[in-house]
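Student: After the sequence you'll find the predicted model.
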Amino acid sequence: MENRMKTNESVVIDVKDLNVYYGAFRAVKDVSITIPQNKITAFIGPSGCGKSTMLRSFNRMNELVPSARVHGNITLDGVNIYDPDIDPVMVRRKVGMVFQKPNPFPKSIYENVAWGAQINGYKGNMDDLVEESLRQAALWDEVKDKLNQSGLSLSGGQQQRLCIARTIAVKPEIILMDEPASALDPIATLRIEELMEKLSEDYTIIVVTHNMQQAARVSHYTAFFNMDEDRAGYLVEYGDTSAMFTNPSKKLTQDYITGRFG
Ligand SMILES: Nc1ncnc2c1ncn2[C@@H]1O[C@H](COP(=O)(O)OP(=O)(O)OP(=O)(O)O)[C@@H](O)[C@H]1O
């Protein structure tokens, strides 16, 4: 597989020969990819081709699935995250995740943001951290007068930005987003996309999306995955988003992005 990351960019995640199994079923097949720092990389491809599985292997979330096995090598800043000496909790602190359906805790807005930092024994000023995280998540102005209200009282789009604030509050390096806007209306979706662009100044973002326009709008790089009859997902093409959307190097990519299958 040709690797088309630009040479002047630093690699933050380096994946080599990744295979992920659920029991005997192989969901991800021989994927090698490098993820650039402080960029947005979109994972696209038909349903079931292993995009979420890939994402979850970047913060060892697959380990929470009893049948899942991960083979291959994934380094984060040069460190093998599957090394037996590495604590998965530490990996998840560095690699945060935002899910498809906003999932705030049934607690106050303030507590939602403070939660992770509290668990990690954060010693700084919690009020400042909460404000800074909510500002970074473009939610502060909407909630600053009701921090004690339940996170569940917010709209879907606000809840998703609250989940992003919660993720940011533990100062990760990478934010994984699994279809973060698919449960939201077009306006809330645009706000999340604008926010992602802003966040990419400080964080590396990997986003799974089914929305081609969204991938084209927000991401700097796009990885297109597909699967054959064995249903094991493999990487077809990876490179600069605008190049891929205007001039894909494979016909399969062209067919997918123009909606001919998937
Ligand atoms: N916990 C699990 N146990 C067994 N099989 C699973 C599990 N999670 C996912 N799979 C299977 O692994 C394959 C890849 O699933 P995954 O959710 O990673 O794909 P995806 O590309 O993200 O799909 P979608 O776009 O529909 O979300 C599918 O065949 C799915 O059925």
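Tutor: On my side now, so go ahead.
Student: Could you tell me which residues of this protein lie near the ligand?
Tutor: For the chain, the residues in contact with the ligand (CB under 6 Å from any ligand atom) are 22, 27, 45, 47-53, 65, 67, 231. C-beta coordinates here come from the backbone N, C-alpha and C atoms, glycine included.
Student: swap the cut-off to 5 Å and go again
Tutor: 22, 27, 47-53, 65 (CB under 5 Å from any ligand atom).
Student: Max pairwise distance over those residues: which two?
Tutor: Greatest spatial distance among these (CB to CB): S47 and V65, at 18.3 Å.
Student: more crowded one of these two?
Tutor: V65 (12 against 8; other CB atoms under 10 Å).
Student: Surely the more buried one touches G23?
Tutor: No - the pair V65 / G23 is not scored as a contact, 10.1 Å apart, by CB atoms under 8 Å.
Student: where does the protein dip in pLDDT?
Tutor: Under the criterion pLDDT under 70, the flagged ranges of the chain are 1-5.
Student: Pick out the residue closest to the middle of it.
Tutor: L176 (1.8 Å; CA atoms, centre = their mean).
Student: just to revisit the earlier point, could you turn the buried ones of the residues of the chain next to the ligand into a PyMOL selection?
Tutor: With 16 or more other CB atoms under 10 Å as the burial test, the buried ones among the residues of the chain next to the ligand are selected in PyMOL as follows:
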select buried, resi 27+49+50+51+52+53
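Student: List the ones among the residues of the chain next to the ligand that fall in strands.
Tutor: Members of these lying in strands (criterion: DSSP state E): 22, 27.
Student: Output the residues of the chain next to the ligand as a markdown table; include the columns distance to V113.
Tutor: Putting these into a markdown table (distance: CB to CB, whole Å) gives the following:
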| residue | distance to V113 |
| --- | --- |
| Y22 | 34 |
| A27 | 33 |
| S47 | 33 |
| G48 | 34 |
| C49 | 34 |
| G50 | 32 |
| K51 | 28 |
| S52 | 25 |
| T53 | 29 |
| V65 | 28 |
